[in-house]
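Everything below, folded, please.
(2 chains)
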2 protein chains.
Amino acid sequence: MSEHLSIAVDAMGGDFGPRVTVPACINLLKQQRQLTILLVGDKAQIEPLLSRCPAYLSSRITLVHTTSVITMNDKPSYALRNLQDSSMYLALGLVRDGKASACVSAGNTGALMVLGCSLLRTLPGIDRPAIISAIPTQQDHCYLLDLGANVNCNAEHLLQFALMGSAMVSAVEGKPSPRIALLNIGSEEIKGNEQVKLASRLIQEHGSLNYIGFIEGDQVFSDRADVIVCDGFTGNIALKSSEGLARLIAGKLRKSFTRNLYRRLLGVLAQPVLKELQQQIDPGRRNGASLLGLQGVVVKSHGGAGRRHFEAALSQAVTDARLNIPSRIVEQLEQQLQQQPT
Amino acid sequence: MSEHLSIAVDAMGGDFGPRVTVPACINLLKQQRQLTILLVGDKAQIEPLLSRCPAYLSSRITLVHTTSVITMNDKPSYALRNLQDSSMYLALGLVRDGKASACVSAGNTGALMVLGCSLLRTLPGIDRPAIISAIPTQQDHCYLLDLGANVNCNAEHLLQFALMGSAMVSAVEGKPSPRIALLNIGSEEIKGNEQVKLASRLIQEHGSLNYIGFIEGDQVFSDRADVIVCDGFTGNIALKSSEGLARLIAGKLRKSFTRNLYRRLLGVLAQPVLKELQQQIDPGRRNGASLLGLQGVVVKSHGGAGRRHFEAALSQAVTDARLNIPSRIVEQLEQQLQQQPT
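Numbering: from 1, shown residues only, chains lettered A, B, ... in the order given. Coordinates of the predicted model:
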């Protein structure tokens, strides 16, 4: 039986705030009997939503009241200095103080990064945290990092991302030796920018990772790698461009299936197929991106996540906390030190 | 009536060589009566394919014989020094010597760039050529550059790409003032890396372009911009990741439409819709990426292009040559000089 766990939730984050976060929490509590939730946010907005909560669940929810919220327009540095009473800040503080094992927020990503670094600190040997998320592939899924936390990365950062990604995916997926690839514009050694080429050498020299070399953009959604590493600028562009293309295809299909009466009928018949497809390629289906490299578990939900998707982010946090991903990363890094010649 | 035009074709480039390039040339000649083609490549391979060509067309084909070919594995610098008798080198030489108005190749992109720069030189005011191609959008299409010619770009290069893209799209699409956007990981001014932020300022200060600001990856396939500018690393990743996702979706759809007998039947009925979709989002449909910034028209075809797609690349070259895109770019750059305070 799994041990008791407590997670802190920024109830105010995201496009919908408590309307989404509170019902998602209640639903998760129904499934996870050893879980308690610290809901951080505005009592006036949250309490009415909790009234629908069965009594046997409400005892496992603790409300931490604050009316202060970090908006999407707040600069992270401003939030760090001036919004220390905000729901996101307080939720991260609960992890720092050992009152929660993980924090989940659908709020301002930049602020979550900066506050996370300040409140929880990075792990020894890690310069910067990275955002990792699962993405769909033909057979199953793989993981991509960094998704936008670090705009400029040097080769050493990319090596750290590879080590962190390997540790996490090994734990979460039960794969002892995940295949690690670097995202590049060609698969030959001579291709790419300086940091990618140098990172490739560093990872090879490192020796503890199952490194399979460069992977091109068109291989991202294949099943060639378990963890794909890149800088945050590239990762963000790769993921969002693909989301854009998925939307383009959905739009074209919709148009195509409404052209005339016959097509409309066909569209009705094909509906289950299209719905299935939507679910399979929906990036939100696996909502919940982990901030790797902090001394604590922090999971970012899409800002536009609905109840079901926010619940997926909560589950991700529970998994990361139960597996104690930060300590897995430390182990992976220590393995590195032991393997290096002294 | 359009004037007579001559284009040089690297018959040996691409995965299929003359088997694809020669029939594509013959087909284009049928449609373009004022066109002659200089076919550069191995006589022994090309002549048997020309035997099927009607006599009234064959008079408009001149065979330039060589057996030397640049392979995909040849380093561009090696090709430049040692493969001056190759089909690609000779085809570009025909443009340099004024014997052809454009060159088309499906061969090694890096070699085409380096040989293009060396043989044709860049336009005055342009440091580096960029690769531009049309990509599908919800309503129509837009253009993305650079697609991989320049791995590292500074802000000045991005400005030059914007000027070149604007000049080309204005001419090709007949849009007097194309909307120019910079690809970035956020739409706010504070987002992105240093070169993107600086490029945004340079383009704004420049004043002659219809600049609409930053665009995120998920907006690439929307109809928000006519020209999207980024460095070659980012552009390559954005385009190829999207191609990868398109393949994922096609694969999932295929699987979904073969699950059982009913689904198979549905798949047969839905075939026209799926085929239509494939054509609409197929990047090859608009095959032909122009190398902008050279003193001559050079068009790169996908290496894996079939006959119809290679023909599209040939058409692109004819269009670029007829519109004299290089001189349009020079005009755009001169406009810049006139507008700047002295």
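
how about A:Ala270, secondary structure?
Secondary structure, DSSP: H, G, I helix; E, B strand; the rest coil: A:Ala270 is helix.

What is the burial count for it?
A count of nearby residues for A:Ala270, using other C-beta atoms under 10 Å in any protein chain shown, gives 24. C-beta: built from backbone N, CA, C; applies to glycine.

Nearest spatial neighbour of it, chain-adjacent residues omitted?
B:Ala270 (5.5 Å; C-beta to C-beta, 6 or more residues apart in numbering or on different chains).

Where does pLDDT dip in the stretch 51-200 of chain A?
For the stretch 51-200 of chain A, the stretches flagged by pLDDT under 70 are A:190.

So for chain A, the centremost residue is which one?
A:Ala289 (0.4 Å; C-alpha atoms, centre = their mean).

separation between that one and chain B?
Computed with C-beta to the nearest C-beta, to the nearest Å, the distance linking A:Ala289 and chain B is 14 Å.

what's the answer for A:Lys30, then?
As judged by C-beta to the nearest C-beta, A:Lys30 and chain B stand 31 Å apart.

Help me confirm that that residue comes into contact with A:Leu57.
Yes - judged on C-beta atoms under 8 Å, A:Lys30 makes contact with A:Leu57 at a distance of 6.6 Å.

Would you map the helices across chain A?
A:18-31, A:43-50, A:55-58, A:76-82, A:87-96, A:109-120, A:155-173, A:194-206, A:232-256, A:261-281, A:307-322, A:325-339 (DSSP state H).

Give me the buried positions along the second one.
To tie it back to what came earlier, the one meant is helix A:43-50. The neighbour-count check on helix A:43-50 (16 or more other C-beta atoms under 10 Å in any protein chain shown) flags A:Ile46, A:Leu49, A:Leu50 as buried.

can you check the shortest one too?
Taking 16+ other C-beta under 10 Å as the neighbour-count basis, helix A:55-58 is seen to contain the buried residues A:Leu57.

and that helix, what other elements does it pack with?
helix A:18-31 (3 or more C-beta pairs under 8 Å, 6 or more residues apart in numbering or on different chains; DSSP states H and E).

what comes up buried for the helix it packs on?
Of the residues in helix A:18-31, A:Pro18, A:Val20, A:Thr21, A:Val22, A:Pro23, A:Ala24, A:Cys25, A:Ile26, A:Asn27, A:Leu28, A:Leu29 count as buried by neighbour count, 16+ other C-beta under 10 Å.

any chance of the helices of chain A in CSV, plus distance to B:Gly14?
Shown next, in CSV, are these (distance: least, C-beta to C-beta, whole Å):
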stretch, distance to B:Gly14
helix A:18-31, 51
helix A:43-50, 61
helix A:55-58, 63
helix A:76-82, 48
helix A:87-96, 53
helix A:109-120, 43
helix A:155-173, 33
helix A:194-206, 27
helix A:232-256, 25
helix A:261-281, 31
helix A:307-322, 44
helix A:325-339, 44
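
Which one, of the ones you listed, ends up nearest to B:Ile325?
helix A:232-256 (26.2 Å; C-beta to C-beta).

Next, see if that closest one gets close to chain B.
Yes - contact of helix A:232-256 with chain B (C-beta under 8 Å from any C-beta of the partner chain) involves A:232-234, A:236-249, A:251-253, A:256.

A:Ile203 and A:Asn152: what is the separation?
Applying C-beta to C-beta, to the nearest Å, the value for A:Ile203 to A:Asn152 is 19 Å.

So those two - more neighbours on which side?
Shown here are A:Ile203 and A:Asn152; by other C-beta under 10 Å, A:Ile203 has more neighbours (24 against 12).

What pLDDT does the model give the more buried one?
pLDDT recorded at A:Ile203 is 94.

Spit out the contact partners of the residue nearest to A:Leu245 when sequence neighbours are not counted.
In space, A:Leu245 comes closest to B:Ser242 once its chain neighbours are excluded; the distance is 4.1 Å by C-beta to C-beta, 6+ apart. B:Ser242 is in contact with A:Gly217, A:Ser241, A:Ser242, A:Gly244, A:Leu245, B:Ile135, B:Val220, B:Phe221, counting by C-beta atoms under 8 Å, 6 or more residues apart in numbering or on different chains.

These into a markdown table, with extra columns for distance to B:Gln160?
Formatted as a markdown table, these follow (distance: C-beta to C-beta, whole Å):
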| residue | distance to B:Gln160 |
| --- | --- |
| A:Gly217 | 24 |
| A:Ser241 | 23 |
| A:Ser242 | 28 |
| A:Gly244 | 26 |
| A:Leu245 | 27 |
| B:Ile135 | 21 |
| B:Val220 | 21 |
| B:Phe221 | 25 |
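
ok, so of those residues, who is nearest B:Pro76?
A:Gly217 (21.1 Å).

Find the nearest non-adjacent residue to the closest one, please.
Per C-beta to C-beta, 6+ apart, closest to A:Gly217 is B:Lys240, 2.8 Å.

what's the distance between that neighbour and A:Leu182?
Counting by C-beta to C-beta, the gap from B:Lys240 to A:Leu182 is 14 Å.

again, but for A:Asp10
For A:Asp10, the distance to A:Leu182 - C-beta to C-beta - is 33 Å.

quick one on the thing from earlier: if you count surrounding residues, which of B:Lys240 and A:Leu182 has more?
With neighbours defined as other C-beta under 10 Å, B:Lys240 and A:Leu182 compare such that A:Leu182 has more, 26 against 22.

didn't that one look like it was pressed against A:Leu202?
No - if you go by C-beta under 8 Å, A:Leu182 and A:Leu202 don't touch, sitting 10.2 Å apart.

what's the overlap in contacts for these two?
Common contacts of A:Leu182 and A:Leu202, defined by C-beta under 8 Å, 6+ apart, comprise A:Leu158.

How is chain A divided into domains?
As given by the TED database, the domain ranges for chain A are A:1-126+A:293-341, A:134-283.

out of those, which comes closest to B:Ser101?
domain A:134-283 (30.3 Å).

Bridge partners for A:Ser68, pull those for me.
Per DSSP bridges, the residues bridged to A:Ser68 are A:Ser86.

Residues of the stretch 201-342 of chain A that sit close to chain B?
A:216-222, A:230, A:232-234, A:236-249, A:251-253, A:256-257, A:263, A:266, A:269-270, A:273, A:276-277, A:280-281.

what residues are up against A:Val69?
So A:Val69 contacts A:Met12, A:Gly41, A:Asp42, A:Ser86, A:Ser87, A:Met88, A:Gly107 (C-beta under 8 Å, 6+ apart).

What of A:Phe310?
Counting by C-beta under 8 Å, 6+ apart, A:Phe310 touches A:Gly14, A:Val20, A:Thr21, A:Ala24, A:Ala106, A:Asn287, A:Ser301.

For the stretch 51-200 of chain A, what lies in contact range of chain B?
A:75, A:136-138, A:148, A:151-152, A:183, A:185, A:188, A:190, A:192-194.

As TSV, these with distance to B:Gln295 would be great.
Listed next are these as TSV, based on distance: C-beta to C-beta, whole Å:
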residue	distance to B:Gln295
A:Lys75	46
A:Pro136	45
A:Thr137	44
A:Gln138	44
A:Gly148	40
A:Val151	36
A:Asn152	35
A:Leu183	34
A:Ile185	26
A:Glu188	30
A:Ile190	28
A:Gly192	29
A:Asn193	28
A:Glu194	30
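
Strands - which of the residues you listed land there?
Among these, DSSP state E puts A:Pro136, A:Leu183 in strands.

Among the residues of the stretch 51-200 of chain A next to chain B, name the buried ones.
Among those, the ones that count as buried by 16+ other C-beta under 10 Å are A:Lys75, A:Pro136, A:Thr137, A:Gly148, A:Val151, A:Leu183, A:Ile185, A:Gly192, A:Asn193.

Next, the contact list for A:Ser301, please.
Taking C-beta under 8 Å, 6+ apart as the test, what A:Ser301 contacts is A:Gly13, A:Gly14, A:Val104, A:Ser105, A:Ala106, A:Asn287, A:Gly288, A:Ala289, A:His309, A:Phe310, A:Ala313.
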